[in-house]
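*Asks:* Any chance you can model this:
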Amino acid sequence: MHPDYPTLDRAQRALELCRDIAACKLYLMRAGDIHALTATLMLPCYLAELERLRLRLGPEEMKRLKEGLRQMASTSSTGCSSHCFKD
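*Replies:* Predicted coordinates for the structure are as follows:
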């Protein structure tokens, strides 16, 4: 997480990271192409950044993140919320 992101952007950044994590996992499931290699390298970075960011979220930001993840899960077959956030 870039240290000078405004507070209002943290929940949105967490959602972006969840999308990136979901994309990496899809590429890893396909395997055998350059995107899978890139995903292998980037996934730990995305997960670490998401964890650092999650620890800094306030209650209102956490609420926004949970709602965003619910929306992502309902419109996506990737199951973003299942690996990005645990209640």
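
*Asks:* So for the longest helix along the chain, what gets flagged as buried?
*Replies:* Counting residues, the longest helix in the chain under DSSP state H turns out to be helix 34-56. Of all the residues in helix 34-56, those buried under the rule 16 or more other Cβ atoms under 10 Å are 39, 43, 46, 47, 49, 50, 53, 54. Backbone N, C-alpha and C define where each C-beta goes, glycine included.

*Asks:* Grab the nearest non-local neighbour of residue 62.
*Replies:* The shortest distance from residue 62 to any non-neighbouring residue, by Cβ to Cβ, 6 or more residues apart in numbering, is to residue 11 (7.7 Å).

*Asks:* farthest-separated two in the buried residues of helix 34-56?
*Replies:* 39 and 54 (20.9 Å; Cβ to Cβ).

*Asks:* I'd say residue 19 and residue 72 touch.
*Replies:* Yes: with contact defined as Cβ atoms under 8 Å, residue 19 counts as touching residue 72 (7.2 Å).

*Asks:* what mean pLDDT does the helix or strand containing residue 20 have?
*Replies:* Counting by DSSP states H and E, the secondary-structure element that holds residue 20 is helix 10-30. The predicted model assigns helix 10-30 a mean pLDDT of 93.

*Asks:* can I get the CA coordinates of it in CSV?
*Replies:* Once non-C-alpha atoms are left out, helix 10-30 reads as follows in CSV (Å, rounded to 0.1, in the frame of the first residue of the first chain):
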residue,chain,number,x,y,z
ARG,A,10,-8.3,2.4,1.1
ALA,A,11,-11.5,0.4,0.7
GLN,A,12,-11.5,0.9,-3.0
ARG,A,13,-7.8,-0.1,-3.2
ALA,A,14,-8.6,-3.3,-1.2
LEU,A,15,-11.3,-4.1,-3.7
GLU,A,16,-8.8,-3.6,-6.6
LEU,A,17,-6.4,-5.9,-4.9
CYS,A,18,-9.1,-8.5,-4.5
ARG,A,19,-9.8,-8.3,-8.3
ASP,A,20,-6.1,-8.7,-8.9
ILE,A,21,-5.9,-11.7,-6.6
ALA,A,22,-8.9,-13.3,-8.4
ALA,A,23,-7.3,-12.7,-11.8
CYS,A,24,-4.0,-14.2,-10.6
LYS,A,25,-5.8,-17.3,-9.3
LEU,A,26,-7.6,-17.7,-12.6
TYR,A,27,-4.4,-17.5,-14.6
LEU,A,28,-2.8,-20.1,-12.2
MET,A,29,-5.6,-22.5,-12.8
ARG,A,30,-5.1,-22.3,-16.5
